[in-house]
Structures are given as structure tokens and as C-alpha cells.
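Undergrad: Attaching a predicted model along with its sequence, questions to come.
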Amino acid sequence: MPTSEVEMTMRDGTVLRADVYRPTTGDGPWPVLLARSPYGRRDPGVLDRLDPRHAADRGFLVVIQDCRGRFGSGGDWTPLAHEGADGHDTVVCAARLPDADGRVAMYGPSYLGHTQCC
């Protein structure tokens, strides 16, 4: 089970929420795989791109975050307007999660790919 509703505060004070999947074995720290989505962090299409539980079983912290103004995240939804700053701030937050080793990789196609333009 993921840790749900993990809050990450952006530079303007807006709180974005994510689910974090942690390895169930080993001591860590672990690298982070991050996806930011306007479709919902529990959307089957998002979860099918990379099975977060499977990746966690392979030694990754997996973070799936709702973009600004979408689903559990605060702020107003304006497509592509905040992705650069929010993406940067989220990578910094993800690198500092408990048990993270400081390395963060992003993944995903379509809009999830646009969120990687930090």
C-alpha cells in the first residue's frame, strides 16, 4: 500500500499531494521514480505505465503526484502554466523524502512527459 496524501509544498505555498510507494524489503536509501499527472495519481492509465508496487519491489521509491489544481492537489489548474516550477520543486521534495538517496528520475508519456520540462 502506498503512503497516501503526502504533501509537497511548492515555492508559492501551494500544496500538491502524492502517493509514495516504498520498498518492503531492504534498508535503503533508494532512488526515486517520479510521475506528475493531471489524470489522477490513482488513474489506471497512469498506474499501467509503470506498476508502482512492482518498481518498489525492485528497490525504488515511487512517487505519483497530482498536478496543481487536479484531484488532491491545491491551486488552480491551468494546463502547462506551472509545470516547470512545480516540477522543479517536486524533484527537490522527492529527493529529500525519508529513505530517498537524493537521485530522482521522472517517467511517463503525453502530459506526464510535459511535466518533466523543469
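TA: All right, it came through fine. Keep in mind the model is a prediction, meaning the values are calculated, not measured.

Undergrad: Mind naming the longest helix for the chain?
TA: As assigned by DSSP state H, the longest helix anywhere in the chain is helix 83-95.

Undergrad: which other helices and strands contact that helix?
TA: strand 3-9, strand 15-21, strand 30-37, strand 61-66, strand 100-106 (3 or more C-beta pairs under 8 Å, 6 or more residues apart in numbering; DSSP states H and E). The C-beta positions use only the backbone N, C-alpha and C, and glycine is treated the same way.

Undergrad: okay, the angle between it and strand 15-21?
TA: Interaxial angle of helix 83-95 relative to strand 15-21 (axes from the mean of the first three to the mean of the last three C-alpha atoms, to 10 degrees): 50 degrees.

Undergrad: where's residue 26, which helix or strand?
TA: Under DSSP states H and E, no helix or strand contains residue 26.

Undergrad: Return the residues in contact with residue 56.
TA: 21, 22, 23, 24, 62 (C-beta atoms under 8 Å, 6 or more residues apart in numbering).

Undergrad: what's the farthest-apart pair in these?
TA: Greatest spatial distance in the contacts of residue 56: 24 and 62, 12.3 Å, computed using C-beta to C-beta.

Undergrad: Between those two, point out the one with more neighbours.
TA: residue 62 (26 against 9; other C-beta atoms under 10 Å).

Undergrad: quick revisit: in the contacts of residue 56, which has the lowest confidence score?
TA: Checking pLDDT across the contacts of residue 56, the minimum falls on residue 24 at 89.

Undergrad: That one belongs to a strand, doesn't it?
TA: No. Per DSSP: H, G, I helix; E, B strand; the rest coil, residue 24 lies outside any strand segment and is coil.

Undergrad: can you give me phi and psi for it?
TA: phi -100, psi -10 (degrees, to the nearest 10).

Undergrad: which ones are touching it?
TA: Contacts of residue 24 by C-beta under 8 Å, 6+ apart are 56, 57.

Undergrad: now residue 15
TA: Shown in contact with residue 15 (C-beta under 8 Å, 6+ apart): 7, 8, 9, 73, 74.
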